[in-house]
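Undergrad: Let me see the structure of the following:
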Amino acid sequence: MDGTLNSEKAAALRDFFASVDAGELRSAAADIARHFNLPMDRDTDWREVEYDFNRLFVGPASVPAPPYASAYQEEPTLMGKPALEVRDAYRALGLEVPDRNATPDDHLAFELDVVAALGSVDPPDGEWRRLRDWLVREHLGGWVPRFAEAVRKQPGVSEPVAMAVEALTTWLESAGAEAVPGESDKEPATRFERRSI
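TA: All right, here's what the predicted structure looks like:
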């Protein structure tokens with residue numbers, strides 16, 4: 001799959017998981033449906049989708065499928081080792097997570113944003129490619145399947161949320177297949193030089 005197309009898919013997924021209201025969810029779901037060639041129900045009650053999205057990912061109560069890498073490590077902690085690793089990867093690229101005080105660095109939308117940015121660089125240099133491969137194969141590949149399974153286990157998940165989660169797993173498999181075998185096994189992201197996109 002070509003990197004630009006994969007980058008556009010990552011951006012559509014990012015927009016969905018970064019949504020804050022029904023309108024943003026509707027727009028992002030339409031982009032996902034278009035990029036992944038999936039049908040979308042035109043009669044969807046987007047306010048109900050927003051409630052479902054918040055129930056699963058935002059709160060205010062405890063959420064069954066937190067969209068943070070740290071929630072899926074052996075001993076889940078907020079801002080755990082995965083968050084610090086991805087923060088180092090962002091720094092290596094000269095990037096900062098917006099609104100750091102409100103949302104941990106290892107939020108799915110932030111990670112997809114970096115992958116989308118790295119995928120749009122043509123051709124990616126060796127360091128960026130290695131960072132992207134680590135982020136997709138090792139980091140996201142280490143927790144997104146468990147995140148998707150947590151969503152699938154929940155009763156009554158709305159169609160747009162289920163579609164986005166299935167598109168995410170499809171994208172991750174495809175993006176992981178693009179990664180160069182063995183490249184992501186090198187030093188962790190903290191070893192990358194600071195660059196600007």
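Undergrad: element containing the residue sitting furthest away from the middle of the chain, please.
TA: Of all residues in the chain, Asp43 sits farthest from the chain's C-alpha centroid, using Cα atoms, centre = their mean; the distance is 26.9 Å. Under DSSP states H and E, no helix or strand contains Asp43.
Undergrad: who's in contact with stretch 150-157?
TA: Stretch 150-157 is contacted from outside by Asp52, Leu56, Pro64, Ala65, Val161, Ala162, Val165, using Cβ atoms under 8 Å, 6 or more residues apart in numbering. In this view, the C-beta of every residue, glycine as well, is placed from N, C-alpha and C.
Undergrad: mind redoing it with 6 Å?
TA: The contact list for stretch 150-157 (Cβ atoms under 6 Å, 6 or more residues apart in numbering) reads Pro64, Ala65, Val165.
Undergrad: swap in stretch 55-73?
TA: With Cβ under 6 Å, 6+ apart as the contact definition, stretch 55-73 has outside contacts at 17, 77, 80, 82-83, 104, 106-108, 143, 146-147, 150-151, 154.
Undergrad: And the helices in the protein, which stretches?
TA: All helices of the chain, identified by DSSP state H, fall at 3-17, 22-35, 46-53, 81-92, 108-119, 126-133, 141-152, 159-178.
Undergrad: Okay, angle between the third one and helix 159-178 too, please.
TA: With axes from the mean of the first three to the mean of the last three Cα atoms, to 10 degrees applied, the angle from helix 46-53 to helix 159-178 works out at 60 degrees.
Undergrad: Which positions within helix 46-53 qualify as buried?
TA: Trp46, Val49, Glu50, Asp52, Phe53 (16 or more other Cβ atoms under 10 Å).
Undergrad: quick one, what contacts Ala10?
TA: Leu112, Val115, Ala116.
Undergrad: Distance-wise, check it relative to Gly94.
TA: Per Cβ to Cβ, to the nearest Å, Ala10 is found 19 Å from Gly94.
Undergrad: same check, this time on Leu56
TA: Counting by Cβ to Cβ, the gap from Leu56 to Gly94 is 33 Å.
Undergrad: Check the burial of Asn54 by counting its neighbours.
TA: By the criterion of other Cβ atoms under 10 Å, Asn54 has 15 neighbours.
Undergrad: still on that earlier bit, more neighbours, Leu56 and Gly94?
TA: Leu56 (20 against 11).
Undergrad: Start and end of stretch 28-41, how far apart?
TA: Stretch 28-41 has an end-to-end distance of 14 Å (Cα to Cα, to the nearest Å).
Undergrad: Report the distance from it to the chain centre.
TA: Distance of stretch 28-41 from the chain centroid (Cα atoms, centre = their mean, to the nearest Å) equals 17 Å.
Undergrad: Just the buried residues of it, please?
TA: Ala28, Ala29, Asp31, Ile32, Ala33, His35, Phe36.
Undergrad: Pull the most distant pair out of those.
TA: Using Cβ to Cβ, these span at most 12.1 Å, a distance reached by Ala28 and Phe36.
Undergrad: so what pLDDT did Ser19 get?
TA: Predicted confidence (pLDDT) for Ser19: 96.
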